[in-house]
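J.: Give the three-dimensional model of this entry:
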Amino acid sequence: MSAGKIIGYIFAAITIFFGVIFIWGAFGPEGYPSNLIVGLISVLIGFGIIWFMARKQATGEEEVKVQIDLSGDVNLDILTCESCGGQLSPEHISMVAGAPVVACPFCGTSYQLTEEPKW
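T.: Modelled structure (predicted):
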């Protein structure tokens, strides 16, 4: 939650609090009818601010960009099946129990991908 939203909610709570105080004061021994009007307007403004802040939060979208810096030269190799040598695509790779598993559509074998050391 951003600082602007927190400040908005605090301002709304204070506005509603004073609105309730004004409404309460309108029914006291020296109550004035104008206190009731001011209190109702303050409470409505407070709830309006809360509604606006909640609506703004629900419609806001943030775009997240991930930038990966790789060390050295990176070449993309063609992925081939270990059993039949058929060319595989990323659609044939799935995550099973946290490990990448390849299912070959040509011969039907499936195996876990392993990363070989670079040295």
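
J.: Remind me which helix or strand Val102 belongs to.
T.: Following DSSP states H and E, one finds Val102 within strand 99-103.

J.: Relative to that strand, what are the paired strands and their orientations?
T.: strand 93-96 (antiparallel), strand 110-112 (antiparallel) (DSSP bridges).

J.: contacts for that strand?
T.: Here strand 99-103 makes contact (CB atoms under 8 Å, 6 or more residues apart in numbering) with Leu79, Cys81, Leu88, His92, Ile93, Ser94, Met95, Thr109, Ser110, Tyr111, Gln112, Leu113. Quick note: C-beta positions are derived from backbone N, CA and C, even for glycine.

J.: so where's the chain uncertain?
T.: 1, 57-64, 66, 68-76, 116-119 (pLDDT under 70).

J.: Which residue ranges of it form helices?
T.: 3-26, 33-59 (DSSP state H).

J.: you'd agree Ala26 is up against Leu36?
T.: Yes: here Ala26 reaches Leu36: they are 3.8 Å apart, a contact under CB atoms under 8 Å.

J.: quick one on the thing from earlier: would you mind checking the contacts of strand 99-103 for buried ones?
T.: Cys81, Leu88, His92 (16 or more other CB atoms under 10 Å).

J.: Any chance of TSV for these, columns distance to Ile10?
T.: Shown next, in TSV, are those (distance: CB to CB, whole Å):
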residue	distance to Ile10
Cys81	61
Leu88	56
His92	54
